[in-house]
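J.: quick one: sequence plus predicted model below, questions after.
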Amino acid sequence: MADTTEFELVSPDRLLISEPVEMVVVPGVEGDFGVLPRHAPMLSTVRPGVIDIHEGGQVKTRLFVAGGFAEVTEDRCTILAEEALRLDEVTAETARERLQSARDDLAEAEDNPSRARATKAVSVAEALVAAASG
Amino acid sequence: MPSLKDLRNRISSVKSTKKITSAMKMVAASRLRKAQEAAESSRPFAERMNRMLGTLAGSVVGLPGAPPLLAGTGSDRRHLIVVVTSNRGLCGALNSNTARNARALIRELQADGKEVKVLCVGRKGRDQLKRDHQNLIIDTIEDFGRRTVTYAEAEAVAERVLDMFDADAFDVCTLIYNRFRSAISQVVTRQQLIPFPVPESANDNEAAADDGPRAIYEFEPSEEDILADLLPLNVKTQIFRAMTENYASEQGARMTAMDNASRNAGEMIDDLTLQYNRTRQAMITKELIEIISGADAL
């Protein structure tokens, strides 16, 4: 058995995954990065995008995160996501619906804070559409 | 001595009360299971968040230019208390305990000459606090927890708090809620939300325990940027956690209270039925005596 690192993906309402993995690719805010065992400790912001869990050189699981934070240590990789979904639970259809409603919200937003929220929701939905159809 | 008709009416009214309370107990029990799961699954996130923040805060705290959410505004004169209670009653002493704790905190702070404001989350907290502290309550948020507490609802509360903090409306924020321990035990908990309480051992926490010397983290982007995003998220998660825990507590407390109420109603029905039968028996005896003594007289 190859070397593994302890991978955890947590969203506010549940612990999605907690298992040893061989490699995981995380969409960092300054570019994707792969985490292997004995990675140098780091903290990074995560942009909306897809996390790939690799096993035996193949992508085993794909997960969508709507932004969050990653903490990497030598033997562990923890991702705190504001929202996380298994990609096989999402269809291109629902993703597009979500993008549509996010855009509607943006169009209706009146004050600055709600516009900022809506803009963020739109970019999350766009990333989800890209992930679901790609 | 109440008449037979009065007794019959009372028995039937207690019976229907019992039906209601035992139905409420069932509902609370089934919601409790879900709420408990939700409360427990919100814990890992909050814990890991704390660990991550502890790591970060340890290296940033004390530096000039640390974000005010972490380092505070440099004063502790104005306090905001966020009181999390339920929207509905009939859940025993749950909300009274929270309100009592909140009142004690308000008195303490005022005795120290601090300025106190209260943000109520949940209708019952406002109802109880407005008697003494009407003028301190800025607002009540009661639009949550119809079925369960969602993250979006907690986010709305957090945005409210953060907006007020950005507008420089307070220096310190404390959260009061009921931590769920079991269906019969809920613990009123106070938690300081803003500024983030840096754990004493932030510099040598358990991350260091497993792999010897404390790991030196790389930050991507910079520490300040990560903190600026992480701190508001932390406020949201802590509020979300408080609200889910409080919701679970509410269901647990209601289940216990309604169980007691059903049992009391059952006892009362037994007592009343006994009294009813005795009264009926007494009347029959009395009528018999009257008939017999009437027959004797002839």
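T.: Looks like it came in fine. Quantities reported herein were computed from a predicted structural model and do not represent experimental measurements. Numbers count the residues shown, from 1 in each chain, chains lettered A, B, ... in the order given.

J.: so who does the closest residue to residue A:10 other than its chain neighbours touch?
T.: What sits nearest to residue A:10 in space, not counting adjacent residues and going by C-beta to C-beta, 6 or more residues apart in numbering or on different chains, is residue B:45, at 4.5 Å. No exception for glycine: its C-beta is placed from N, CA and C like everyone else's. Residues near residue B:45 by C-beta atoms under 8 Å, 6 or more residues apart in numbering or on different chains: A:10-13, A:15, A:80, B:237, B:241.

J.: lowest pLDDT pick from the residues you listed?
T.: Across these, the bottom pLDDT score, 77, is held by residue A:13.

J.: host element of residue B:256?
T.: helix B:223-297 (DSSP states H and E).

J.: secondary structure element for the residue nearest to residue A:10?
T.: Using DSSP H and E, residue B:45 sits in helix B:43-60.

J.: one more: residue A:65?
T.: In the assignment (DSSP H and E), residue A:65 maps to strand A:58-73.

J.: mind listing what's buried in that strand?
T.: A:61, A:63-73 (16 or more other C-beta atoms under 10 Å in any protein chain shown).

J.: re earlier: quick one, the helix holding residue B:256 and helix B:43-60 angle?
T.: Angle between the axes of helix B:223-297 and helix B:43-60 is 140 degrees (criterion: axes from the mean of the first three to the mean of the last three C-alpha atoms, to 10 degrees).

J.: related to what we said a few turns ago, between the buried residues of strand A:58-73, which is nearest residue B:150?
T.: The closest of these to residue B:150 turns out to be residue A:66 (C-beta to C-beta; 14.9 Å).

J.: test my guess that the closest one contacts residue A:90.
T.: No - using C-beta atoms under 8 Å, residue A:66 is not in contact with residue A:90; the gap is 11.6 Å.

J.: list residues touching both of the two?
T.: By C-beta under 8 Å, 6+ apart, the residues touching both residue A:66 and residue A:90 are residue A:128.

J.: what's the distance between the nearest residue to residue A:63 once chain neighbours are set aside and residue A:61?
T.: Excluding its sequence neighbours, the residue lying closest to residue A:63 (C-beta to C-beta, 6+ apart) is residue A:51, at 4.6 Å. To residue A:61, residue A:51 is 8 Å away according to C-beta to C-beta, to the nearest Å.

J.: what's the neighbour count on residue B:240?
T.: Residue B:240 has 25 neighbouring residues, counting by other C-beta atoms under 10 Å in any protein chain shown.

J.: on the three-state scheme, the residue lying closest to it once chain neighbours are set aside is what?
T.: Leaving out its chain neighbours, the residue that sits closest to residue B:240 by C-beta to C-beta, 6+ apart is residue B:154, at 3.6 Å. Secondary structure, DSSP: H, G, I helix; E, B strand; the rest coil: residue B:154 is helix.

J.: repeat for residue A:122
T.: helix.

J.: quick check: closest non-adjacent residue to it.
T.: Distances taken as C-beta to C-beta, 6+ apart place residue A:102 nearest to residue A:122, at 4.5 Å, with adjacent residues excluded.
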